[in-house]
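Enquirer: Predicted model and sequence follow; I will ask about them next.
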Amino acid sequence: MFLASRRRLRAEVLIVLGLSLGQSAVYSVVQLLDKLSRAPLSEATSTLNRSQSTREYFDLTYQLLDIFFALVPVALVFYFLSLHIHANRDGEGGSAFTRLGFNLARPGKDLLQGLGLAALIGIPSLGLYAAGRALGITTAIVPSGLDAYWWTVPVLILSAIRHAIVEEVIVVGYLMDRFGKFGWSTPIAILVSAVLRGSYHLYQGFGPFVGNVVMGLVFAWLYTKTKRVMPLVIAHALLDIVAFVGFSLFGKAVGLG
């Protein structure tokens, strides 16, 4: 029975990753190889939040649909966790949201931790990006390729929140929970989670891969101490909002884009 349960959990994890960030990791590796085969990475560009139509309201529709459907695997994760809890296989109670610490149980503390994490990760990331560009191992990253419409900034904020929820809930909260059920040690679980985070950023080059692995190590380690993904979601969302919105509003003014 125990072996069958472990097999079921492995299949569950593969399904979730195949529909979300595992799929992104595979595409990211292929995109990296594509860029390397064309020219040096220093000459390549990685554009985030691409425009999907030259017609304003169709572009808005595509952007909102992308955000919505990207969150479906997160809903699947909470569904799987709820099934496990209701089956009472591990004796743990509470909801799936409580299980991962994705709730508003301690908003003040989560916000302060999120702000601190954003500063801890964000400032060194700028230096790492500059170093990667100087070494020729990082592509030029364009955080926003959207045209300037009335809805651009709100959509970029929603996109940042989407990325934060998808990555932290799945790569940290969900996988750390499932890796524990596999019988993995905490250091191995943290390392695999961090490497996965880095792998789906490989399309940006080797610098962002290293930076995101480090970020993943810090975030997953903190999760093992707090059992809450909410501070991680807040920190990640803040980092992406500053990058996406800041570039959109001020990129051209400072000679970027």
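Expert: Sure, I can see it. Numbering: from 1, shown residues only.
Enquirer: how about low-confidence regions in this structure?
Expert: Low-confidence segments of the chain, defined by pLDDT under 70: 1-4, 88-93, 250-257.
Enquirer: can you give me the strands for it?
Expert: Here the chain has its strands, by DSSP state E, at 45-47, 140-142.
Enquirer: which stretches of the stretch 101-250 of the chain form helices?
Expert: Along the stretch 101-250 of the chain, counting by DSSP state H, counting those that start in this stretch, helices occupy 107-135, 152-167, 175-182, 186-199, 206-226, 230-250.
Enquirer: relative to helix 206-226, how tilted is the shortest one?
Expert: Using axes from the mean of the first three to the mean of the last three CA atoms, to 10 degrees, one finds that helix 175-182 and helix 206-226 are set 70 degrees apart in direction.
Enquirer: Repeat that for the second one.
Expert: For helix 152-167 and helix 206-226, the angle between their directions (the same axes, to 10 degrees) works out to 60 degrees.
Enquirer: what sits up against helix 152-167?
Expert: Helix 152-167 is contacted by residues 20-21, 49, 60, 63-64, 67, 70-71, 73-74, 144, 146, 197, 232-237, 239-241, 243-245, 248-249 when judged by CB atoms under 8 Å, 6 or more residues apart in numbering. Bear in mind the C-beta positions are built from the backbone N, C-alpha and C, glycine included.
Enquirer: OK, contacts around residue 120?
Expert: Residue 120 touches residue 218, counting by CB under 8 Å, 6+ apart.
Enquirer: how close does it sit to residue 232?
Expert: The gap separating residue 120 from residue 232 is 12 Å, by CB to CB, to the nearest Å.
Enquirer: what about residue 115, how many neighbours?
Expert: For residue 115, the neighbour count with other CB atoms under 10 Å is 14.
Enquirer: wait, what's in contact with it?
Expert: Here residue 115 is in contact with 234, 235, 238 (CB under 8 Å, 6+ apart).
Enquirer: picking that back up, mark which of the contacts of helix 152-167 are buried, thanks.
Expert: Among these, those classed as buried by 16 or more other CB atoms under 10 Å are 20-21, 49, 60, 63, 67, 70-71, 73-74, 144, 146, 197, 232-237, 239-241, 243-245, 248.
Enquirer: And stretch 194-212, end to end?
Expert: End-to-end distance of stretch 194-212: 7 Å, with CA to CA, to the nearest Å as the criterion.
Enquirer: tell me which residues in that stretch are buried?
Expert: 194, 196-212.
Enquirer: go on, stretch 95-108?
Expert: Buried-residue list, stretch 95-108, by 16+ other CB under 10 Å: 96, 97, 99, 100, 101, 102, 103.
Enquirer: coming back round to it: can you say which of the strands of the chain is packed in most?
Expert: strand 140-142 (a mean of 18; mean count of other CB atoms under 10 Å).
Enquirer: Walk me through which strands that one pairs with, and which way each runs.
Expert: Partner strands and pairing direction for strand 140-142 (DSSP bridges) are strand 45-47 (parallel).
Enquirer: Show me the contact partners of the strand it pairs with.
Expert: Residues outside strand 45-47 that contact it (CB under 8 Å, 6+ apart): 139, 140, 141, 142, 145, 203, 204, 205.
Enquirer: Could you rerun that using 7 Å?
Expert: Strand 45-47 has contacts (CB atoms under 7 Å, 6 or more residues apart in numbering) with 139, 140, 141, 142, 145, 203, 204.
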